[in-house]
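Engineer: Okay, predicted coordinates and the sequence, questions at the end:
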Amino acid sequence: MVKDPVCGMTVDEGKAPAKSEYNGKTYYFCSNHCKTEFDKDPAKYVKEDTGHMSHGSHCC
């Protein structure tokens, strides 16, 4: 299980509906919406993980 970098939801890598690669690492998403947001600006989401959603973020 991994965390969706956009919304923070826990995602099963084998069942994730979407994934993207960035800087040689694969990121898994709970939805295509989160993948689309990540793909717009990956660096925004791969910063230090505090375990909290950022202001203005939302869950699918």
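Structural biologist: Done, it's in.
Engineer: Which residues are in contact with the spatially closest residue to Cys34 that is not a sequence neighbour?
Structural biologist: If the residues on either side of it in the chain are set aside, Cys34 comes closest to Val6, at 3.9 Å by Cβ to Cβ, 6 or more residues apart in numbering. The C-beta positions use only the backbone N, C-alpha and C, and glycine is treated the same way. By Cβ atoms under 8 Å, 6 or more residues apart in numbering, the contact set of Val6 is 29, 34-35, 37-38, 45, 57.
Engineer: can you list the weak-confidence ranges in the chain?
Structural biologist: Along the chain, the model assigns pLDDT under 70 to residues 48-60.
Engineer: just the helices in it please.
Structural biologist: Assigned by DSSP state H, the helices in the chain fall at 32-40, 42-45.
Engineer: looking at the ones you listed, which is buried most?
Structural biologist: Highest mean neighbour count among these (mean count of other Cβ atoms under 10 Å): helix 32-40, with a mean of 17.
Engineer: Kindly reformat the helices of the chain as a markdown table and extend each row with distance to Lys19.
Structural biologist: Output for these, formatted as a markdown table (distance: least, Cβ to Cβ, whole Å):
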| stretch | distance to Lys19 |
| --- | --- |
| helix 32-40 | 7 |
| helix 42-45 | 12 |
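Engineer: Indicate which one of the ones you listed is closest to Gly24.
Structural biologist: helix 42-45 (11.9 Å; Cβ to Cβ).
Engineer: C-alpha coordinates for that closest one, CSV please?
Structural biologist: C-alpha atoms of helix 42-45 as CSV (Å, rounded to 0.1, in the frame of the first residue of the first chain):
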residue,chain,number,x,y,z
PRO,A,42,4.7,16.8,-10.1
ALA,A,43,7.3,18.8,-8.1
LYS,A,44,4.4,20.3,-6.1
TYR,A,45,3.5,16.9,-4.8
